[in-house]
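Enquirer: kindly return the folded structure for what I paste below:
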Amino acid sequence: MLIKIYGSAIHGVAAQTITIEVNVDTGGVGYHLVGLPDNAIKESSYRISAALKNVGYKIPGKKITINMAPADLRKEGSAYDLSIALGILAASDQILAEEIQHYIIMGELSLDGSLQPIKGVLPIAIQAREEGFKGIILPVQNAREAAIVNDLEVYGVENIKEVIDFFNEGKALKKLTLDTQKEFQDKINDFPFDFSEVKGQEAAKRAMEVAAAGGHNIIIIGPPGSGKTMLAKRVPSILPPLTLKEALETTKIHSVAGKIGTEASLMTVRPFRSPHHTISDVALVGGGSYPQPGEISLAHNGVLFLDEMPEFKRTVLEVMRQPLEDREVTISRARFTVNYPASFMLVASMNPSPSGFFPDDPSNTSSVYEMQRYMNKLSGPLLDRIDIHIEVQKVEFEQLSEKRKGEKSKEIRDRVVKARNIQNKRYENLNISCNAQIGPKEIEAFCELDEASFSLIKLAMEKLNLSARAYDRILKVARTIADLEEAEKILSYHISEAIQYRSLDREFWNG
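Expert: Residues are numbered from 1 along each chain as shown. Here you go, the predicted model:
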């Protein structure tokens, strides 16, 4: 008897429906699994056999042929255990199968018949709804994630016996329903850190506000203990709230990577990713034999924090150059190409020298050569993609011991949101969401300077030895500073503040 049952495969951050055809033939004995399965799927026969036996069923001693179509697409992982097991039972007349084709069925089996969680549930559920399936049956740990998708029946189960009884005896499964809007709104302001906890560093806080308002990449330079990491961790709390569309995009990526907790559903705050400096280039941008999203894709719509940036391998830093520009990663293999979104805000930190101190600090023990070698770990083209460079000093004791709280993240965020709204209106027909993304054409159109501003930036270029690449960055940042003040035109003091944020340009830093 031939039975068709449906599962799903992940390709990039999208899902593709897989038809699992199970044929049980009385003319022989054997178990044949075809359709480019990987080793985890090939081993499923052992898990399925033990699981069925422990719930009172068995794999029949007949010729079983299982085809996973489309047969030329590689299938990965153990998430097909449940669908294959039910297909075998239905094809051997051990369960009824009238309704089985209306559901996407996925889950990894334990030997006792219980189900383990799987990856990529959100894109699978979205695809199931788009293709008109009635519902999705999957492990209970993944049910909240799938329930984000409206107009789809979501059944979370703990054991294969529950699914067998559902099809065989009509025993009802518990359907999970979530109010996605309520879930989103209730948790949209949940942040573990707040800017009010940061003592001193007013100039750095201002730079962070400007960076968040324009979506600018930023690097913080300062000695150990000056609060660089503390500042960086609080950036998500001042970024504009995720829209529902952005939340779904971000959740899909984390779902594919298996980063969604069993009690979580929709990601409601912008991600903050902080990889260690020993990370490989593949782990950072994504890839591998079976491509997975890397840290820059997990930071999509959020923040990627590189602590002690010069300690990262140069090859790792250089592979970020294209994603920083294009805001997506393309991973190519001989048989396929996968695109992962990677629109993130880069926040980096570094010491001013190998010893950790500025050149004029008495504690500095680094020679000029050592400092130059340390700085050369960051290439010019990479620094070219970082709009704001801010220096921070050690916080004095008087500031540390002060009882008065600083400005709260919510107050800063309100100003950032106003500035972003101005930018959204300005660029609404250009597929640009913030000032950091504008190119030469938009700079010419929206960053027009008056005579005083033009004279100031010209003087800065000449007297401070600023490099040519700093010119566009200064104009972009000045545009953001003007937006924070709700000013239509860029004025000379906007340019003046923007110039202060270019301290790492080679000539200036070494001059």
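Enquirer: show me where the stretch 251-400 of the chain has strands.
Expert: For the stretch 251-400 of the chain, the strands defined by DSSP state E, counting those that start in this stretch occupy 272-273, 286-287, 292-293, 303-306, 328-332, 337-341, 345-350, 388-391.
Enquirer: just the mean pLDDT for the third one, thanks.
Expert: Going back to what we said before, that points to strand 292-293. The average pLDDT for strand 292-293 rounds to 91.
Enquirer: could you do the last one as well?
Expert: Averaging pLDDT along strand 388-391 yields 92.
Enquirer: reformat the strands of the stretch 251-400 of the chain as a markdown table; add mean neighbour count and distance to residue 35.
Expert: Placement of C-beta: from N, CA and C, glycine included. As requested, the strands of the stretch 251-400 of the chain are arranged in a markdown table below (neighbours: other CB atoms under 10 Å; distance: least, CB to CB, whole Å):
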| stretch | mean neighbour count | distance to residue 35 |
| --- | --- | --- |
| strand 272-273 | 20 | 35 |
| strand 286-287 | 23 | 24 |
| strand 292-293 | 23 | 22 |
| strand 303-306 | 24 | 37 |
| strand 328-332 | 17 | 23 |
| strand 337-341 | 18 | 20 |
| strand 345-350 | 24 | 41 |
| strand 388-391 | 24 | 51 |
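Enquirer: so which of those strands is nearest residue 51?
Expert: For the strands of the stretch 251-400 of the chain, the distance to residue 51 is smallest for strand 292-293, at 27.3 Å, taking CB to CB.
Enquirer: other SSEs contacting the closest one?
Expert: helix 244-256 (3 or more CB pairs under 8 Å, 6 or more residues apart in numbering; DSSP states H and E).
Enquirer: buried residues in the helix it packs on?
Expert: Judged by neighbour count (16 or more other CB atoms under 10 Å), helix 244-256 contains these buried residues: 246, 247, 248, 249, 250, 251, 252, 253, 254, 255, 256.
Enquirer: now do stretch 405-423
Expert: 406, 409, 412, 413, 415, 416, 417, 419, 420, 422, 423.
Enquirer: looking at these, which are in strands?
Expert: Using DSSP state E, no member of the buried residues of stretch 405-423 sits in strands.
Enquirer: any weak-confidence spans in the stretch 251-400 of the chain?
Expert: Scanning the stretch 251-400 of the chain with the threshold set as pLDDT under 70 gives 262-264, 400.
Enquirer: would you map the helices across it?
Expert: 281-285, 295-298, 314-318, 321-326, 368-375, 380-383, 397-400 (DSSP state H, counting those that start in this stretch).
Enquirer: just the CA trace of the first one, in PDB.
Expert: In PDB, the C-alpha atoms belonging to helix 281-285 read as follows (Å, rounded to 0.1, in the frame of the first residue of the first chain):
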ATOM      1  CA  ASP A 281      35.200  33.300   9.600                       C
ATOM      2  CA  VAL A 282      32.600  30.600   8.700                       C
ATOM      3  CA  ALA A 283      31.000  30.900  12.200                       C
ATOM      4  CA  LEU A 284      30.900  34.600  11.800                       C
ATOM      5  CA  VAL A 285      29.300  34.900   8.300                       C
END
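Enquirer: re the thing from before, tell me which two of the buried residues of helix 244-256 sit farthest apart.
Expert: 246 and 256 (16.3 Å).
Enquirer: which residues of the chain score low on pLDDT?
Expert: In the chain (pLDDT under 70), the answer is 262-264, 400, 505-511.
Enquirer: quick check: domain ranges of it?
Expert: Per automatic domain parsing, the structural domains of the chain span 2-178, 207-401.
Enquirer: which among the ones you listed is found nearest to residue 432?
Expert: Using CB to CB, the domains of the chain put domain 207-401 closest to residue 432, at 9.8 Å.
Enquirer: how far does the closest one sit from its chain's centre?
Expert: 12 Å (CA atoms, centre = their mean, to the nearest Å).
Enquirer: thought residue 63 was touching residue 27, still the case?
Expert: Yes. Residue 27 is within contact range of residue 63, at 6.4 Å (criterion: CB atoms under 8 Å).
Enquirer: neighbour count: these two, which is higher?
Expert: residue 63 (15 against 6; other CB atoms under 10 Å).
Enquirer: using the three-state scheme, assign the closest residue to that one other than its chain neighbours.
Expert: By the measure of CB to CB, 6 or more residues apart in numbering, the closest residue to residue 63 outside its immediate chain neighbours is residue 28, 3.8 Å from it. Following DSSP: H, G, I helix; E, B strand; the rest coil, we place residue 28 in the coil state.
Enquirer: residue numbering should commence at 599 henceforth.
Expert: Sure, I'll start numbering at 599, so the last one becomes residue 626.
Enquirer: got the phi and psi for residue 626?
Expert: Dihedral angles of residue 626 (phi, psi; degrees, to the nearest 10) stand at phi 140, psi -180.
Enquirer: so it versus residue 658, what's the distance?
Expert: Counting by CB to CB, to the nearest Å, the gap from residue 626 to residue 658 is 12 Å.
Enquirer: and those two? Which one has more around it.
Expert: When residue 626 and residue 658 are compared for neighbours, residue 658 comes out ahead with 16 against 9, by other CB under 10 Å.
Enquirer: is that one in contact with residue 623, as I believe?
Expert: No. With contact defined as CB under 8 Å, residue 658 does not count as touching residue 623 (10.2 Å).
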